[in-house]
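Asker: from the sequence below, what's the structure:
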Amino acid sequence: MKNTRNQPVNILVSKLRPFAGHPFKVKDDEEMNTLIESVQTQGILSPLIVRPIENTDEYEVISGHRRLHAAVKAGITEVPALIVSLDRDATAIVLVDSNLHREHILPSEKAFAYKMKAETLAHKGYRTDLTSVQVAPKLATEQIAEDAGTSKDTIKRYIRLTNLIPEILQYVDDGRIAFTPAVELSYLNEQEQYDLLEQMELNDCTPSLSQACRFKKMSGEEGLTPEVIATVMSEEKANQREMFKVPMERIRKYVPNANTKQAEDFVMKACEHYHRYLLRQRDRDR
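Answerer: Residues are numbered from 1 along each chain as shown. Below you'll find the predicted structure:
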């Protein structure tokens, strides 16, 4: 990655454009509000990374989409940025790698980021399938796994999520469908997924891993009908009896680094603490 300038320069936000098709969401949530407050009081501490858009005086953002959004919300008209000279493939790789180190990454963001990087590596000569001879270049998912410090199977499973319809993928991002069942559901065709979504919304439930595996098998063998999906989804699941759901975003500000299990434990401990407090209050009133 070659810097066209060694030091950051101030660029008008009106001259900056997001990287087309980038997979990372810029949301107006609690984290964004915190970032906006930081920008208002301290400015942009870490420069954006941008590249010139050919034949214009504008720039494409490689790293810093959230910081740019926060600056706009804060009313800032100029932001510091490092200008680099990169082609689109190199830009895509830098964008993915720089964003994957963020503290909170949604499953959908990982899925489309890994897919973007795999497609980019394919342009650079990496294999995208397992049918090539052994002397062929490294498999794209192997390189991504090496960079991410995980296995190529994990990368493949994340990329599978890009086959989910947006509504079901949102369930995954919200933590209402776990990663493993979601991968199994990704093998259903689009119509089957919409039929499943209808049952999920109608009954306010989601498929278990066992049900997701059955759906995948039936889809591959004979196809899934709405009637079959309704019958399977009507089965009572122990883990969904009288569930009380709280969006993860409401808990994040109290336990920002927690995974789903840790957040659940935190809520239970908070409930226990509050229960003891009420008991003490009752005793004092007596």
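
Asker: please make it C-alpha for all contacts and neighbour counts, starting now.
Answerer: Noted.

Asker: can you check the pLDDT for residue 282?
Answerer: With respect to pLDDT, residue 282 scores 77.

Asker: separation between it and residue 214?
Answerer: 51 Å (CA to CA, to the nearest Å).

Asker: so where's the stretch 151-286 of the chain uncertain?
Answerer: Applying pLDDT under 70 to the stretch 151-286 of the chain picks out residues 236-245, 286.

Asker: then stretch 184-200 to PDB, C-alphas only?
Answerer: This file holds the C-alpha atoms of stretch 184-200, laid out as PDB (Å, rounded to 0.1, in the frame of the first residue of the first chain):
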ATOM      1  CA  GLU A 184     -27.900 -25.200   7.600                       C
ATOM      2  CA  LEU A 185     -30.800 -22.900   6.500                       C
ATOM      3  CA  SER A 186     -28.600 -21.300   3.900                       C
ATOM      4  CA  TYR A 187     -29.000 -24.400   1.800                       C
ATOM      5  CA  LEU A 188     -32.800 -23.800   1.400                       C
ATOM      6  CA  ASN A 189     -33.800 -22.100  -1.800                       C
ATOM      7  CA  GLU A 190     -35.300 -18.600  -1.800                       C
ATOM      8  CA  GLN A 191     -38.900 -19.600  -1.800                       C
ATOM      9  CA  GLU A 192     -38.400 -22.200   1.000                       C
ATOM     10  CA  GLN A 193     -36.700 -19.500   3.100                       C
ATOM     11  CA  TYR A 194     -39.600 -17.100   2.600                       C
ATOM     12  CA  ASP A 195     -42.100 -19.900   3.500                       C
ATOM     13  CA  LEU A 196     -40.000 -20.500   6.700                       C
ATOM     14  CA  LEU A 197     -39.900 -16.800   7.400                       C
ATOM     15  CA  GLU A 198     -43.700 -16.700   7.300                       C
ATOM     16  CA  GLN A 199     -43.900 -19.400   9.900                       C
ATOM     17  CA  MET A 200     -41.300 -17.700  12.100                       C
END
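
Asker: what comes into contact with that stretch?
Answerer: 160-165, 167-168, 205-207, 209, 212-213, 215-216, 219, 224-226, 229-230, 233 (CA atoms under 8 Å, 6 or more residues apart in numbering).

Asker: so which of these sit within helices?
Answerer: With helices taken from DSSP state H, the overlap with these comprises 160, 167-168, 209, 212-213, 215-216, 219, 226, 229-230, 233.

Asker: of these, just say which sits nearest to residue 107.
Answerer: residue 160 (11.0 Å; CA to CA).

Asker: just to check, the closest one is in contact with residue 181?
Answerer: No - taking contacts as CA atoms under 8 Å, residue 160 lies outside contact range of residue 181: 11.5 Å.

Asker: what's the average pLDDT for the strand ranked longest in the chain?
Answerer: Secondary structure of the chain read by DSSP state E shows that its longest strand is strand 78-85. For strand 78-85, the mean pLDDT works out to 93.

Asker: after that strand, which helix or strand is next?
Answerer: Next in sequence after strand 78-85, counting helices and strands by DSSP states H and E, comes helix 88-99.
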